[in-house]
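1. I'd like to go over a predicted model; first the sequence, then the structure.
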Amino acid sequence: MKRILVLSIMFLAASAAFCQETAKPNFVVISLDTFRADRLQAYGSKKSPAPNLDAFAKEAAVYVNSMTPSPVTLPAHGTLLTGCFPEKTGLFDNGVGVLSPGVKTMAEVLRESGYDTRAFIAADVLKARFGLSRGFAVYDDQVGSAKRRFGFQITDMAVAYMHGGKKGPFFLWAHYFDTHQPYLTPEDPPESVDGRYDRAVSYVDAQVKRLLDAVPPNTFVFIVSDHGEGLGDHGELTHGLLLYQPTVSVVVMAKGPGLKPSISKGFRSLADIAPTIYGKAGIQVPGLDGYPLDSEEKRSVPLSVLLPLNEYRWKPLFGASDGRYKWIRGDKTRLFDISGDPGETADISAMAPGEARKLKSLMSSYEAIRGRIDLASFSGLGYLTGTPSKDTQIDKMPDPESMLGVFRGIDEVKTLRENDKFADSVVRLRELVKKDPGNPSLLFALGDSLRHVDQLDEAVRWLDESLKFSPALVPAWISKALALLGKERKEEAILSLEKALAHDPDSIEAVNILAAACLDLDRPEKAFPLIENAIARGLADTDTYLMQGRIHLFQKKYEAAAGDFEKALLHSLDPRATRKAISDKYLLYGYEDYGLRYLNASVAMYPDYAPYYLTLGAFHIARENYPAALQFFEKALSCPMKDEDRKNVTEIVDELKKGIEMERNQK
Ligand SMILES: [Zn+2]
């Protein structure tokens, strides 16, 4: 009997193995946004900020000379997902265009072959509306108003999916954004730019490891980066401005059944992933620009970056590479021998060998691609975002290379603004605007920073100036609306928000602010459908649910409101602040008991969060219970707080003490 049992177990095991071998393989594509290839040992790193990716590389086919056709997220992923270069995908910059209908995504092709298809997206620049969602049964791009998600969120979703007992083969794309500026991880970032970058590298490395641990057998895993990060090389701190190796060189690694560990120096590009996957799935797809990774076909990659034009009104750059040579065309056309001179220090165009001269003819030109840029679909997304213009005379524009000083200034300003140092950013921006007065991104940043320091009239003036250059600049419309709301010019603010939504109907920020303004103006009939519609379309974020809760409280539907607030907390990246916002709503609509109970529960959870005590203090001041108010303001002072807030609260405490003293003396 025992022997039969053992035999039958052996038989079961054998048949399972047999099934696995004949079953269609799964495919997992992991794209690491803004991940510099030289952070991995296989690509030359002496340190090891990414031990798990290094370990993966040891078991994978690694292509150390790989390139993206554009150092910008949307065009790079357009090529990754389709196997076609930007001239075919029609995607040249973030926020501009929709994937050409004639080009199929891997998800479309694989779905036709019976694959379940899933994408988990970490940044708004890859939102579904740009067309990369085509063919995905689920394309989860709900990044909310933070406009990005942490790696753990992407991994959690991907792991839940792979553990979820799905049937049949699957294609999964997981996008990680952690190594993108400002290199945020859920923990606090330290000081230096490079150090912070490597910290983000280590963070995303750990998150990818968690995903890899959940990958089932019979799966091909591709790990790529969409582009690198300058980190100061060639004067570029971030990416998307120049076409040098630190930003166009990418990670390309593949691991799966039958793939032997190897390190190849053959030239590859992001266009090679789709043909490789089609080959492994036994599917023929004609018209691709890439070749299977294991094919030694000679490749050349056209390079382009339009972001300088769209964001800053600077010259777009074009180029081409065959893995040995690289042309870059700006004011001058230069040639680099990237194998002999990887630092791209010497322009050898004067003595260009025949091979390189041939390559030169493969460079695109702005004139040639202008017709491929779909301006109508411009959505106002991007980094700081500009509006592309087809009529622009690019010859008269400055070469980005000559604007590096201003670009560094833009990066500094970005950091200042991200750290809430708006007054400092205004000083810096005034200097920068003098140097580059036609730059819509600078004009926007100046107006928006002025709004943050309450110089609202001047803010509106600069925001209007940015909109003159860039009429579809959604962040400028929103910022202008907020400035106008600050001036109690609500009707004008509503018009500005409607403009924002006309350019970007998915701007949940505009929806939330518009709904709040309508409620303030007692126009619930306008606010309700905005919120309902946003929730139905899957755009809702924490603020949307808070607003829905506010509407339900307004309608005296207390239980529905409590449900909304639960959802708001679920979507929240800062539960402490969300709990405070929820308490505020209860208090605002007269649910004092609920509000106080909620606040006290929040205090118990986060006893060091000053805003709770400030609310409680203000609540008691309104009821003229000064001793109780004093207690809460003093408690607030014992919590971490910004210097300016501390100054204000100290003043309140002093006033309260004086008042209480006087009252006592009068008695
Ligand atoms: Zn990117």
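-> Looks like it came in fine.

2. For the residue of the stretch 151-300 of the chain found nearest the ion, which non-adjacent residue is spatially closest?
-> Here the stretch 151-300 of the chain gets closest to the ion at one residue, residue 226, 4.2 Å apart by CB to the ion. The C-beta positions use only the backbone N, C-alpha and C, and glycine is treated the same way. In this structure, residue 226 finds its nearest non-sequential neighbour in residue 76, 3.8 Å apart by CB to CB, 6 or more residues apart in numbering.

3. Tell me which residues touch the one you found, please.
-> Contact analysis of residue 76 by CB atoms under 8 Å, 6 or more residues apart in numbering lists 68-70, 226-227, 250, 270.

4. hang on, the residue of the stretch 151-300 of the chain closest to the ion packs against residue 36?
-> No: using CB atoms under 8 Å, residue 226 is not in contact with residue 36, being 11.5 Å away.

5. Helix or strand with the lowest mean pLDDT in the protein?
-> Using mean pLDDT, DSSP states H and E, helix 2-22 stands out as the lowest-scoring helix or strand of the chain, at a mean of 44.

6. Beyond it, next helix or strand please.
-> strand 26-32 (DSSP states H and E).

7. what residues are up against the closest residue to residue 238 other than its chain neighbours?
-> Of all residues not flanking residue 238 in the chain, residue 181 sits nearest, at 5.4 Å (CB to CB, 6+ apart). The contact partners of residue 181, by CB under 8 Å, 6+ apart, come to 34, 229, 238, 411, 414.

8. Tell me if I'm right that the first one and residue 230 touch.
-> Think residue 34. No: if you go by CB under 8 Å, residue 34 and residue 230 don't touch, sitting 10.0 Å apart.

9. re the thing from before, identify the residue with the minimum pLDDT among the contacts of residue 181.
-> Within those, residue 411 has the lowest pLDDT, namely 84.

10. Quick one: neighbours of that residue, just the number.
-> When neighbours are counted by other CB atoms under 10 Å, residue 411 registers 18.

11. swap in residue 328?
-> 25.

12. Show me what it is bridged to.
-> Beta-bridge pairing for residue 328 (DSSP bridges): residue 319, residue 334.

13. Does it touch residue 336 like I think?
-> Yes: counting by CB under 8 Å, residue 328 touches residue 336, with 7.4 Å between them.

14. Using the three-state scheme, assign residue 295.
-> coil (DSSP: H, G, I helix; E, B strand; the rest coil).

15. hang on, I meant residue 179
-> coil.

16. Okay, it and residue 131: tell me how far apart.
-> 25 Å (CB to CB, to the nearest Å).

17. what do you get for residue 114?
-> In this view, residue 114 and residue 131 are 23 Å apart by CB to CB.

18. what do you get for residue 459?
-> Here residue 459 is placed at a distance of 35 Å from residue 131 (CB to CB).

19. Test for you: state the pLDDT assigned to the closest residue to the ion within the stretch 1-150 of the chain.
-> Scanning the stretch 1-150 of the chain for proximity to the ion using CB to the ion identifies residue 73 as nearest, at 3.0 Å. Residue-level confidence at residue 73 comes out at 97, pLDDT.

20. Enumerate every residue touching it.
-> 33-34, 94, 123, 125-126, 226-227.

21. Mark out where each domain of the chain begins and ends.
-> The chain breaks down into these domains under automatic domain parsing: 32-296, 607-667.

22. and among the ones you listed, the most buried is which?
-> Of all the domains of the chain, domain 32-296 carries the top mean neighbour count, a mean of 21, counting by mean count of other CB atoms under 10 Å.

23. Alpha carbons only: can I get stretch 360-367 in PDB?
-> Presented in PDB, the C-alpha positions along stretch 360-367 are these (Å, rounded to 0.1, in the frame of the first residue of the first chain):
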ATOM      1  CA  LYS A 360      24.000  60.100 -39.100                       C
ATOM      2  CA  SER A 361      21.300  59.700 -41.800                       C
ATOM      3  CA  LEU A 362      19.100  57.800 -39.300                       C
ATOM      4  CA  MET A 363      18.600  60.800 -37.000                       C
ATOM      5  CA  SER A 364      15.100  62.100 -37.000                       C
ATOM      6  CA  SER A 365      14.400  65.800 -37.400                       C
ATOM      7  CA  TYR A 366      11.800  68.000 -35.800                       C
ATOM      8  CA  GLU A 367      10.400  68.800 -39.300                       C
END
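
24. Pull out the buried positions in it.
-> 360, 363-364, 366 (16 or more other CB atoms under 10 Å).

25. For it, give me every contacting residue.
-> Counting by CB under 8 Å, 6+ apart, 87, 300, 302-304, 309, 316, 318-320, 327, 329, 333, 335, 352, 394 sit against stretch 360-367.

26. which of those has the weakest pLDDT?
-> residue 394 (82).

27. need the helices for the stretch 251-400 of the chain, in chain order.
-> Taking DSSP state H, counting those that start in this stretch to define them, one finds helices in the stretch 251-400 of the chain at 273-281, 307-312, 354-360, 366-370.

28. Same list (those) but as JSON lines, adding distance to residue 498.
-> Output for those, formatted as JSON lines (distance: least, CB to CB, whole Å):
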{"stretch": "helix 273-281", "distance to residue 498": "40"}
{"stretch": "helix 307-312", "distance to residue 498": "24"}
{"stretch": "helix 354-360", "distance to residue 498": "48"}
{"stretch": "helix 366-370", "distance to residue 498": "30"}
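
29. As CSV, the ones you listed with distance to the ion would be great.
-> Shown next, in CSV, are those (distance: least, CB to the ion, whole Å):
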stretch, distance to the ion
helix 273-281, 15
helix 307-312, 11
helix 354-360, 26
helix 366-370, 20
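
30. just flag whichever of the ones you listed has the lowest average confidence.
-> Ranked by mean pLDDT, those bottom out at helix 366-370, with a mean of 81.

31. so how far is it off the chain centroid?
-> 28 Å (CA atoms, centre = their mean, to the nearest Å).

32. Which is the succeeding secondary structure element to it?
-> Counting by DSSP H and E, what follows helix 366-370 is helix 404-418.

33. Now the residue of the stretch 551-667 of the chain found nearest the ion: closest residue in space, sequence neighbours ignored.
-> The stretch 551-667 of the chain approaches the ion most closely through residue 573 (20.7 Å), counting by CB to the ion. Excluding the flanking residues, the one nearest residue 573 by CB to CB, 6+ apart is residue 146, at 5.4 Å.

34. now swap in residue 149 and tell me
-> Nearest to residue 149 is residue 122, by CB to CB, 6+ apart, at 4.6 Å.

35. May I see the buried residues of stretch 360-367 organised as TSV, with distance to residue 340 added?
-> Supplementary listing: the buried residues of stretch 360-367 in TSV, determined by distance: CB to CB, whole Å:
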residue	distance to residue 340
360	18
363	21
364	26
366	30
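
36. returning to what we had before: my guess is the residue nearest to residue 149 contacts residue 176, does it?
-> Yes: Residue 122 lies in contact with residue 176 (CB under 8 Å); the separation is 5.8 Å.

37. now whichever strand or helix holds residue 444: how far from the chain's centre is it?
-> Using DSSP H and E, residue 444 falls within helix 440-452. The chain centroid and the centroid of helix 440-452 are separated by 21 Å under CA atoms, centre = their mean.

38. which residues sit in contact with residue 257?
-> So residue 257 contacts 25, 218, 220 (CB under 8 Å, 6+ apart).

39. 7 Å instead, please
-> 25, 218 (CB atoms under 7 Å, 6 or more residues apart in numbering).

40. Okay, it and residue 632: tell me how far apart.
-> Residue 257 is 64 Å from residue 632, by CB to CB.

41. And for residue 212?
-> 49 Å.

42. any chance you could map the strands in the stretch 51-200 of the chain?
-> Assigned by DSSP state E, counting those that start in this stretch, the stretch 51-200 of the chain shows strands spanning 61-67, 116-120, 138-140, 170-176.
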